[in-house]
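A.B. asks: got a sequence here, can you model it:
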Amino acid sequence: MAKKKNDERRKRLRSLILLLFLTVLMLSTSTYAWFTANRTVTIDPINVHIAASTGLQISTDANEWKTIISNTDITTATAYTNNINMLPSELNPVSTSGVVTTTGTAKGLLEFFRGTVEGDSNQGGALALTTGSRLPEAKWTQGTSTGTSPDFVAFDIFLKVDEAATVYLDRGSGVVNTSGHTQKYLENAARYAFVIEGNDDATASLATLQGLNNGTSSIIVEPNYDAHTQNAITTASQSYGITVPTWNSSTGLATEPVSYVGVKAAISSPIILPNTNPPGSPSSTYFEAVGNSHATLVRTNAAYSQTNDATFSYYGKAASGATDYYPIFSLSAGVTKIRVYMWVEGQDIDCENSASGAYLTYNLGFTLDDPTITH
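C.D. replies: Numbering: from 1, shown residues only. Below is the predicted model:
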């Protein structure tokens, strides 16, 4: 009888240990980057508002010129050969190292890859990252039943100036949680980018202006670089072995950004997460540091995304109030075609499960004003 009771106790103990192990495993994988299986990855709606200051005109087709464009202007833009018009109501995490294709049918397009994170028995059960082939870009019409909804936003704009000028990233440019929705802080993993496709005289034909696609590099903007949640800090530690520098747990802010590498090629076999970002040893075949020869990386703080905050700044320049604007690119006289991208970066430490299901607003503002002038 005693032996039978001891056997039952051992069986219960083994069951409890197994249950404890499974519980710990579930907890330890709940904050991995890229959103693990069965997580909500919807970000809906995408709100786009792009404003241009006096002296700078903007268009979605190089034909009708305005000072402000919105979602409607993008989705109803006049179609032209090879234009990009992807404004989906949902996003999935993707990654790019900033490489722009310079030849073939994809010429002038920024290269994106969608990743999948799952357990891999060949990696000792560790969660590993895989990607499919390069994600395509094409004319995509909202509301149609054909094709698959794209995972990122991409569209063309045209800027017109009478003389050469420097364009600054205006105050309030950035990504914020959409008003009225639960704050999940996925805006900290959001990105937007620009590819300058070319410039021509304002008197050039529409076909010439619309056909510009000579982009060779990108400008990637990382808004909210100084903002992280506790879950993001856990992701940094568990997924990548990263200790976030000078992070203040009481404010959720850091004074320095967290470097990361973007995906630059489809991953042929699963790679465990610690080896997909510094301080691991990311494979140079599949990853490349963002801010490389292919891309200029601009980092703005969380205050830059807020129009009602006077402490906005960009990394490397101390906050100096409303005069502190970032010079984002230069324009030659005439019309310049620019391809705009918006996405959620899967390699960012803030792209983790608890942040899924967020509602984000992307805002962009361009100004020609001298940044030394108080606004």
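A.B. asks: can we go C-alpha only for contacts and neighbour counts from here?
C.D. replies: OK.
A.B. asks: just the strands from the stretch 51-200 of the chain, written as ranges.
C.D. replies: Using DSSP state E, counting those that start in this stretch, the strands of the stretch 51-200 of the chain run over 57-59, 68-70, 85-86, 94-95, 113-119, 127-131, 153-161, 165-169, 174-177, 190-200.
A.B. asks: could those strands go into TSV alongside mean pLDDT?
C.D. replies: Shown next, in TSV, are the strands of the stretch 51-200 of the chain (pLDDT from 0 to 100):
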stretch	mean pLDDT
strand 57-59	92
strand 68-70	85
strand 85-86	84
strand 94-95	94
strand 113-119	88
strand 127-131	89
strand 153-161	93
strand 165-169	89
strand 174-177	92
strand 190-200	96
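A.B. asks: export those strands to CSV and tack on mean neighbour count?
C.D. replies: Converted to CSV, the strands of the stretch 51-200 of the chain look like this (neighbours: other Cα atoms under 10 Å):
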stretch, mean neighbour count
strand 57-59, 23
strand 68-70, 16
strand 85-86, 24
strand 94-95, 25
strand 113-119, 21
strand 127-131, 22
strand 153-161, 23
strand 165-169, 19
strand 174-177, 24
strand 190-200, 23
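A.B. asks: out of those strands, nearest to Thr307?
C.D. replies: With respect to Thr307, and counting by Cα to Cα, the nearest of the strands of the stretch 51-200 of the chain is strand 174-177 at 9.7 Å.
A.B. asks: how far does that closest one sit from the chain's center?
C.D. replies: 11 Å (Cα atoms, centre = their mean, to the nearest Å).
A.B. asks: do I have it right that Ala52 meets Thr367?
C.D. replies: Yes - Ala52 is within contact range of Thr367, at 5.9 Å (criterion: Cα atoms under 8 Å).
A.B. asks: who has more neighbours out of the two?
C.D. replies: Neighbour count, other Cα atoms under 10 Å: between Ala52 and Thr367, Thr367 has more, with 23 against 20.
A.B. asks: tell me how far that one lies from Ala295.
C.D. replies: Distance, Thr367 to Ala295, using Cα to Cα, to the nearest Å: 22 Å.
A.B. asks: one more: Ala202?
C.D. replies: For Ala202 relative to Ala295 (Cα to Cα), the value is 28 Å.
A.B. asks: what ranges does the stretch 151-300 of the chain have for its helices?
C.D. replies: Using DSSP state H, counting those that start in this stretch, the helices found in the stretch 151-300 of the chain span residues 206-210, 230-240.
A.B. asks: so where's the stretch 201-350 of the chain uncertain?
C.D. replies: 319-323 (pLDDT under 70).
A.B. asks: go with 80
C.D. replies: In the predicted model, the stretch 201-350 of the chain carries pLDDT under 80 at residues 307-310, 318-324.
A.B. asks: His49 is in contact with Asn71, correct?
C.D. replies: Yes - taking contacts as Cα under 8 Å, Asn71 lies within contact range of His49: 7.1 Å.
A.B. asks: could the helices of the stretch 151-300 of the chain go into TSV alongside distance to Phe158 and mean neighbour count?
C.D. replies: Formatted as TSV, these follow (distance: least, Cα to Cα, whole Å; neighbours: other Cα atoms under 10 Å):
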stretch	distance to Phe158	mean neighbour count
helix 206-210	9	17
helix 230-240	37	21
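A.B. asks: now those as TSV including distance to Tyr326?
C.D. replies: Converted to TSV, the helices of the stretch 151-300 of the chain look like this (distance: least, Cα to Cα, whole Å):
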stretch	distance to Tyr326
helix 206-210	27
helix 230-240	27
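A.B. asks: quick one: closest of those to Lys107.
C.D. replies: Taking the helices of the stretch 151-300 of the chain one by one with Cα to Cα, helix 206-210 is closest: 14.0 Å.
A.B. asks: packing partners of the closest one?
C.D. replies: When contacts are defined as 3 or more Cα pairs under 8 Å, 6 or more residues apart in numbering; DSSP states H and E, helix 206-210 sits against strand 334-344.
A.B. asks: now for the strand it packs on, which elements pack on it?
C.D. replies: strand 94-95, strand 153-161, strand 190-200, helix 206-210.
A.B. asks: next SSE after it?
C.D. replies: Going down the chain from strand 334-344, the next helix or strand is strand 360-367, by DSSP states H and E.
A.B. asks: what's the closest of the helices of the stretch 151-300 of the chain to Ala126?
C.D. replies: Evaluated over the helices of the stretch 151-300 of the chain, closeness to Ala126 peaks at helix 230-240, with 10.1 Å, by Cα to Cα.
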